[in-house]
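> My questions are about this predicted structure, shown below with the sequence.
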Amino acid sequence: MMRKKIVSLCMALALCLGLLPVTALAAGEDAPGTLWVGQTQITASGYWKTTTEGNLITGSENDYNVYYDGNGTLTLNGATIQGGTSTGSVPYGAGIYAQCNSEESVSLTIKLISENTITGFYGIYVNAEISADSYGTDASLTITGESNGSLKVSGSYHGIYVKSGTGGASLNINDASVVASSSSSYSSYAGVYVQSSAHATSSPQLSLKVNGGSLTASGTGSSDGILFYVGSSNATGATTSLTVSQNAIVDARNGGISASGISETLPTPKPTGENSSGIVFDGSTGTVYGSVTLQEDLTIGEGESLTIPDGSSLNCN
């Protein structure tokens, strides 16, 4: 009788485990605890197609615009994604929204195949601050290009928004063409906004790295192209950094590049180090860092300038 009970319990346990979603067991340590694409919440791995309205319908491995691996990596394949109509609650009208679990960091990787478009109140929003009473640590967004992948992302507020909890925030672009814009004409909005929250402690690091490819970030009116913001007066040791490599181009001719805190203006970060290789436009002024070989056409407009400092070089092909 005892052996029968043990066998029955084992069979019941095996059945329960079999009913659990595999992705729940395989999720990465920093994978989003909450993930929305358009107006659809993603709760497991799968394939979807986007409609003309920017919504998601079920797709397949051979016919998809959006694929999520359940482990923090989202693949966009010719996707058109539209955020919601309300900013009052999650996902805050974002085209893509990724949120941490409480007291954890959040990291989202987006792989680009073909041309992709994202719109919303926020285009892409990676958030490690859940609420005033619940938040995580670091927030990170990585965008990579595959098969000539590109992305146009726009927001009524921010095009790309990466916000930390108690830690730092980072945006990394690798071998991709990314155009990010804000249609807001007010200050404190930006095409690319990298922020440490009001709960940041110690010395949060805010960073933007472009390794190959290009980032074109633009604001409207008083909004910035790229804005680094330290949201805590206690984060006195906060640092901001901008890195270019592999002939990358960072173009913030519309709106420029700014860095600020609650009560102070911080130095605008500039690429440093022997490994720098790229061009950065901060407003109408462009600078060549390191040894750069142009990978695409670059137009210098009237009233704009491009400086090649001592120790740097530019091969225009």
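Structure received. Bear in mind the structure is a predicted one, so any value in this text is a computation, not a measurement.
> for this structure, which residue is closest to the average position?
Taking CA atoms, centre = their mean as the criterion, Leu141 is the residue nearest the geometric centre of the chain, at 3.7 Å.
> Report how many residues lie close to Gly225.
28 (other CB atoms under 10 Å). The way it works is simple: take the backbone N, C-alpha and C, and place the C-beta from them, glycine included.
> Would you agree it is in contact with Thr268?
No. Counting by CB atoms under 8 Å, Gly225 sits too far from Thr268 to count as a contact (11.4 Å).
> what sits in contact with each of the two?
Common neighbours of Gly225 and Thr268 (criterion: CB atoms under 8 Å, 6 or more residues apart in numbering): Ile257.
> and the residue nearest to Glu104 when sequence neighbours are not counted, how many neighbours?
Distance criterion CB to CB, 6 or more residues apart in numbering; nearest residue to Glu104, sequence neighbours excluded, is Gly136 at 4.8 Å. Gly136: 25 surrounding residues under other CB under 10 Å.
> Might you report the residue contacts of Gly136?
Taking CB under 8 Å, 6+ apart, one finds 100-106, 128-130, 165-167 in contact with Gly136.
> Confidence-wise, which helix or strand of this structure is lowest on average?
Ranking every helix and strand in the chain by mean pLDDT, DSSP states H and E puts helix 22-26 at the bottom, with a mean of 34.
> could you point out which element follows it?
strand 34-37 (DSSP states H and E).
> what lines up beside that next one in the sheet?
Applying DSSP bridges, strand 34-37 is found paired with strand 40-42 (antiparallel), strand 94-99 (antiparallel).
> quick one: contacts of the first one?
Defining contact as CB under 8 Å, 6+ apart, one finds that strand 40-42 is touched by Thr34, Leu35, Trp36, Trp48, Asn55, Leu56, Tyr68, Pro91.
> Now neighbour count too, for the residues you listed, in a markdown table please.
Shown next, in a markdown table, are the contacts of strand 40-42 (neighbours: other CB atoms under 10 Å):
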| residue | neighbour count |
| --- | --- |
| Thr34 | 17 |
| Leu35 | 21 |
| Trp36 | 23 |
| Trp48 | 21 |
| Asn55 | 16 |
| Leu56 | 23 |
| Tyr68 | 21 |
| Pro91 | 27 |
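> so which one among these has the lowest pLDDT?
Within the set of those, pLDDT is lowest for Asn55 (83).
> Quick check: closest non-adjacent residue to that one.
Gly38 is the one closest to Asn55 (CB to CB, 6+ apart), at 5.5 Å.
> Can you say which of the strands paired with strand 34-37 is packed in most?
Greatest average neighbour count among the strands paired with strand 34-37 goes to strand 94-99 (a mean of 28), per mean count of other CB atoms under 10 Å.
> Other residues contacting that one?
By CB under 8 Å, 6+ apart, the residues outside strand 94-99 that reach it are 32-38, 54, 74, 81-84, 90-91, 106, 108, 110, 118-128, 130, 141, 153, 155, 161.
> and if we set it to 7 Å?
Strand 94-99 has contacts (CB atoms under 7 Å, 6 or more residues apart in numbering) with 32-38, 81-83, 90-91, 106, 108, 118-127, 130, 153.
> and what of stretch 149-159?
95, 112-124, 143, 160, 176-184, 189-193.
> thinking again about what came up before, what's the most distant pair in the contacts of strand 40-42?
Maximum pairwise distance among those (CB to CB): 18.4 Å, between Thr34 and Asn55.
> ok so Thr216 is a helix residue?
No. When classified by DSSP: H, G, I helix; E, B strand; the rest coil, Thr216 is found to be strand rather than part of a helix.
> Can you flag which of the contacts of Gly136 belong to strands?
If you go by DSSP state E, the contacts of Gly136 have Val106 in strands.
> Contacts only, for Gly54.
Neighbours of Gly54 in contact, by CB under 7 Å, 6+ apart: Gly38, Thr80, Ile81, Gln82.
> Give the next helix or strand downstream of the helix or strand where Tyr122 lies.
Taking DSSP H and E as the criterion, Tyr122 maps to strand 106-127. Counting by DSSP H and E, the next helix or strand C-terminal to strand 106-127 is strand 139-163.
> Each with direction, which strands does that next one pair with?
strand 106-127 (parallel), strand 169-182 (parallel), strand 190-196 (parallel).
> Quickly compare the ones you listed and say which is most buried.
Mean neighbours per residue, mean count of other CB under 10 Å, is largest over those for strand 190-196, with a mean of 30.
> residues making contact with that strand?
158-164, 168-169, 171, 180-182, 204, 206, 208, 217-219, 223-232, 235, 238, 255.
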